[in-house]
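Student: 3D, please:
(one chain, ligands or ions: 1)
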Amino acid sequence: MGDEDWEAEIIKPHISSYVPVFEKDRYSSGANGDTFNRTPASSSDPGESNKRENTSTVGGFGVGKSFGNRGFSNNKFEEGDSSGFWRESSIDCEDNQTRNRGFSKRGGYQDGNDSEALGSSRRGGRGSFRGCRGGFGRGSPNSDYEQDEGTQRSGGIFGSRRSALSGAGNGDTFQSRSGGGSGRGGYKGLNEEVITGSGKNSWKSEAEGGESGDTQGPKVTYIPPPPPEDEDSIFAHYQTGINFDKYDTILVEVSGHDPPPAILTFEEANLCQTLNNNIAKAGYTKLTPVQKYSIPIIQGGRDLMACAQTGSGKTAAFLLPILAHMMRDGITASRFKELQEPECIIVAPTRELINQIYLEARKFSFGTCVRAVVTYGGTQLGHSIRQIVQGCNILCATPGRLMDVIGKEKIGLRQVKYLVLDEADRMLDMGFGPEMKKLISCPGMPSKEQRQTLMFSATFPEEIQRLAGEFLKSNYLFVAVGQVGGACRDVQQTILQVGQYSKREKLVEILRNIGDERTMVFVETKKKADFIATFLCQEKISTTSIHGDREQREREQALGDFRCGKCPVLVATSVAARGLDIENVQHVINFDLPSTIDEYVHRIGRTGRCGNTGRAISFFDLESDSQLAQPLVKVLSDAQQDVPAWLEEIAFSTYGPGFSGNARGNVFASVDTRKNYHGKSSLNTAGFSSTQAPNPVDDESWD
Ligand SMILES: Nc1ncnc2c1ncn2[C@@H]1O[C@H](COP(=O)(O)OP(=O)(O)OP(=O)(O)O)[C@@H](O)[C@H]1O
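Tutor: Model prediction:
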């Protein structure tokens, strides 16, 4: 099938809408056998495939009936190059750091075209876009795939990422954001937002040029559907699992001066009746450990850095005490004011996560006069502003969009009393760190002495803890529930040695055994997410995908289809690794292992939440994953999982005889990095005090 055929295909009415759901029969090899003929992996010729990188012109995944080079091309299902499928070249752009880590750790990224992608030539002039979600331009297909919102905005030239399809009436709104000219520069933050400009007031530039539509390129027009308003939907929740009560036995360490005692029950939190009603309607009867400690600390006006395992209720741990204070202070949303001055700003690295946090805030503030608003990239700025001006006490935002609304002077910072960084290690690392610094130095933002800053995550590398000091008062408290950076023990972890070219087969085998149980499959790159999702659909496994190249509408649709079970398999990049709380995810499969152990911990934490059990299976490729062997052994052994002998051997051979899987290496930030703190107290979460300060990373500390 030639290019024209492919384009003709995508405008056919029956496939004209971009279909985020890869449904069973849509790409069945029977009906579309001419299109997606799958050739065995072994028959692919990596060399040949590499050659085609620079010559193949057909692109586009999803709707199209032919896949770009190194994916599906010329009616063939082809393997990628010998270093794996497109590794490095199309790592999810929402994650600069991952990409960078990928480059340095995995040593790939040699291709000239790919290199361009990170250089100035990303900003223009390389060929047209032919397909949805990153159809490839002629000359440099990889680098085109590297497109992100930042370059679209700043370059303008790439603004037509989806033009072929939108012109073809695929129903998608053309959502590229064209920026304020090539001079503006701009890069994209880690998981999410565009960080632009430099110099004075650069935090304003996005709003000025990006989505305000005053200059180049189409606006982002997607308006997310409003969440359901009925009480049942607002308070819908899933059941805590059989291991919920075991949380009580987890050791907790609090460090810093003069921490308040933990509370053991919701009653002790002395919340107002409305909040208590909402807590009851949400099905919460008992505090989780992080809640027992964080609630009194926040109520006591202290700054906090809290680290607790995935799925253990960190969101409510900050929302409830903040709301309690707001209720106490009689905070009421002032409607229809052009400049809103929220008392609380919550930032998180991904759109889906911040939306989830917003829904939690809306739930707990139900029936109060406190109004929460959410705003995130990929949606129409005007819509966000309309929401904001109706009243905003709690603003939940992704970083780039937050800067947009501040730049638009719709949000003033003078009243900010609470600044919450969820996934704080992420928010402070290379990608978002600069943006967060800009935020705290924005005009009007109260100094750290005058606001309360709260940071939450399941992982907190030492270097990030040190950076966090800039944001927190010097007497902040540090709460470590269990082991900082440790995996949730309710997740049964299995590591399988699977080579690159056997992965697909293994994946299908596992998914067939799993049946309809909800499963997240993590891959390293956006391209591969599409590739694997489509492959699974060919195999008649209902699958959808989420990654940073998908339009926001598609991302939300994909998540919705996964949540409701329409597509029990979600193929995702790291954009979905953190925070997402989806009921009944029973399995996580790391088709590709991530480049860092923290990312691994977050990914597998999408299952086994809130006392439920889950399973995580990871494909370990000897060629590319050996640098992860040592930290993996440690995570596994700390979580009392079986450690395969072969993995231990690799860990030993990689790191020499000094390595011990059970030794307390520096794999994690295991403690509060402030060395000379006082008043360290250690308790298990049932509230039994321990005078002896235990090793916070002691194996026993978990149960
Ligand atoms: N005390 C509680 N009782 C019952 N359910 C709870 C309680 N606290 C939280 N939950 C529920 O547990 C689930 C996980 O909570 P949450 O998403 O806040 O976890 P998290 O610690 O932030 O996880 P992650 O590290 O992955 O972001 C949610 O569905 C939440 O509603």
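Student: which residues touch Pro296?
Tutor: Applying Cβ atoms under 8 Å, 6 or more residues apart in numbering, we find Pro296 in contact with Pro260, Pro261, Ala262, Ile263, Ala269, Pro321. All C-beta atoms are positioned from the backbone trio N, CA, C, and that covers glycine.
Student: Quick check on the fifth one: phi, psi?
Tutor: Backbone torsions of Ala269, given as degrees, to the nearest 10, read phi -80, psi -10.
Student: give the contact list for it.
Tutor: Listed by Cβ under 8 Å, 6+ apart, the contact partners of Ala269 are Ile263, Ile295, Pro296, Gln299, Leu320, Pro321, Ala324.
Student: Likewise for the fourth one?
Tutor: If a contact means Cβ under 8 Å, 6+ apart, then Ile263 has Ala269, Leu287, Lys292, Ile295, Pro296 as its contacts.
Student: and the stretch 351-500 of the chain, which residues reach the ligand?
Tutor: When proximity is defined by Cβ under 6 Å from any ligand atom, the stretch 351-500 of the chain lies next to the ligand at Ala458.
Student: Kindly state the beta-bridge partners for Val373.
Tutor: Leu395 (DSSP bridges).
Student: Check whether it really touches Tyr358, as I assumed.
Tutor: Yes - using Cβ atoms under 8 Å, Val373 is in contact with Tyr358, at 7.5 Å.
Student: Which one's more surrounded, these two?
Tutor: Set Val373 next to Tyr358 and count neighbours by other Cβ atoms under 10 Å: Val373 wins out with 26 against 22.
Student: And what about Met326, helix, strand or coil?
Tutor: For Met326, the secondary structure call by DSSP: H, G, I helix; E, B strand; the rest coil comes out as helix.
Student: Keep only the contacts of Ile263 that also lie close to the ligand.
Tutor: Checking the contacts of Ile263 against the ligand by Cβ under 6 Å from any ligand atom, the ones in range are Leu287.
Student: In the contacts of Ile263, find the pair that's most separated.
Tutor: Of all pairs drawn from those, the one with the largest separation by Cβ to Cβ is Leu287 and Pro296; the distance is 10.6 Å.
Student: Around the ligand, which positions in the stretch 101-250 of the chain sit nearby?
Tutor: His237, Thr240.
Student: where does the stretch 101-250 of the chain dip in pLDDT?
Tutor: Along the stretch 101-250 of the chain, the model assigns pLDDT under 70 to residues 101-218.
Student: repeat that with 80
Tutor: Across the stretch 101-250 of the chain, the stretches falling below the confidence threshold (pLDDT under 80) are 101-219.
Student: Might you name the residue of it sitting closest to the ligand?
Tutor: Scanning the stretch 101-250 of the chain for the residue nearest the ligand gives Thr240, at 4.8 Å (criterion: Cβ to the nearest ligand atom).
Student: That residue reaches Glu583, doesn't it?
Tutor: No - assessed by Cβ under 8 Å, Thr240 is found out of contact with Glu583, at 11.6 Å.
Student: More neighbours: which of these two?
Tutor: Neighbours around Thr240 and Glu583, counted as other Cβ under 10 Å, are more numerous at Thr240. The numbers are 19 against 15.
Student: Flag the shaky bits of the stretch 251-400 of the chain, pLDDT-wise.
Tutor: Filtered on pLDDT under 80, the stretch 251-400 of the chain yields the residue ranges 335.
Student: CA-only coordinates of the one helix or strand Lys528 maps to in PDB, if you can.
Tutor: Following DSSP states H and E, the helix or strand that holds Lys528 is helix 526-538. Taking only C-alpha atoms (Å, rounded to 0.1, in the frame of the first residue of the first chain), the coordinates of helix 526-538 have been written out as PDB:
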ATOM      1  CA  LYS A 526       5.300   6.300  22.700                       C
ATOM      2  CA  LYS A 527       5.800   4.500  19.400                       C
ATOM      3  CA  LYS A 528       6.100   1.200  21.000                       C
ATOM      4  CA  ALA A 529       2.900   1.800  23.000                       C
ATOM      5  CA  ASP A 530       1.000   2.200  19.800                       C
ATOM      6  CA  PHE A 531       2.800  -0.700  18.200                       C
ATOM      7  CA  ILE A 532       2.100  -3.100  21.000                       C
ATOM      8  CA  ALA A 533      -1.500  -1.900  21.400                       C
ATOM      9  CA  THR A 534      -2.100  -2.500  17.800                       C
ATOM     10  CA  PHE A 535      -0.300  -5.800  17.900                       C
ATOM     11  CA  LEU A 536      -2.500  -7.000  20.800                       C
ATOM     12  CA  CYS A 537      -5.600  -6.000  19.000                       C
ATOM     13  CA  GLN A 538      -4.500  -8.100  16.100                       C
END
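Student: I'm done for today, thanks for sticking with me.
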